[in-house]
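> have a look at this fold, sequence not included:
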């Protein structure tokens, strides 16, 4: 809900709070928890949104690392694998746009 409110009203504190809660949620889903991949993906997406608004490269790098971890937990045949692949590709594409590193573009494809 905080992310939705941020998207509608633009209050940066809502986004920061959503990320803080996302980190807390991830901590409640340790390695082996069935919802860990979902928590990783949600936090990655929130960090990507914050990068889009503030331009902090550390947010984008962290989003990509989390997205990779989420993808690793969704092997071929997992019902949400395509979502994880898409999220990672979008984040890598964004980093390519920002840094121009061809490796990011190759991985996104």
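Arrived safely, thanks for sending. A quick note: this is a predicted structure, and the numbers were derived from the prediction, not measured.
> give me the most central residue, this protein.
residue 44 (1.6 Å; C-alpha atoms, centre = their mean).
> after the helix or strand hosting that residue comes which helix or strand?
Element membership of residue 44 [criterion: DSSP states H and E] is helix 36-54. Of the helices and strands lying after helix 36-54 in sequence (DSSP H and E), the nearest is helix 57-72.
> ok, residue 57 touching residue 51?
Yes - with contact defined as C-beta atoms under 8 Å, residue 57 counts as touching residue 51 (7.3 Å). The C-beta positions use only the backbone N, C-alpha and C, and glycine is treated the same way.
> looking at these two, which is more packed in?
Under the criterion of other C-beta atoms under 10 Å, the comparison of residue 57 against residue 51 puts residue 51 first, with 22 against 12.
> what's the angle from the helix or strand of the chain at the bottom of the mean pLDDT ranking to helix 36-54?
Lowest by mean pLDDT, DSSP states H and E among the helices and strands of the chain is helix 2-9, with a mean of 93. Between helix 2-9 and helix 36-54, the angle comes out at 20 degrees (axes from the mean of the first three to the mean of the last three C-alpha atoms, to 10 degrees).
> just checking, what packs against the following helix or strand past helix 2-9?
Per DSSP H and E, the first helix or strand lying C-terminal to helix 2-9 is helix 12-28. Applying 3 or more C-beta pairs under 8 Å, 6 or more residues apart in numbering; DSSP states H and E, one finds that helix 12-28 contacts helix 2-9, helix 36-54.
> now residue 47. Nearest residue, chain neighbours left out?
residue 63 (3.9 Å; C-beta to C-beta, 6 or more residues apart in numbering).
> no wait, residue 64
Residue nearest to residue 64 in three dimensions, not counting chain neighbours: residue 91, with 5.0 Å by C-beta to C-beta, 6+ apart.
> buried stuff in stretch 66-75?
66-71, 73-74 (16 or more other C-beta atoms under 10 Å).
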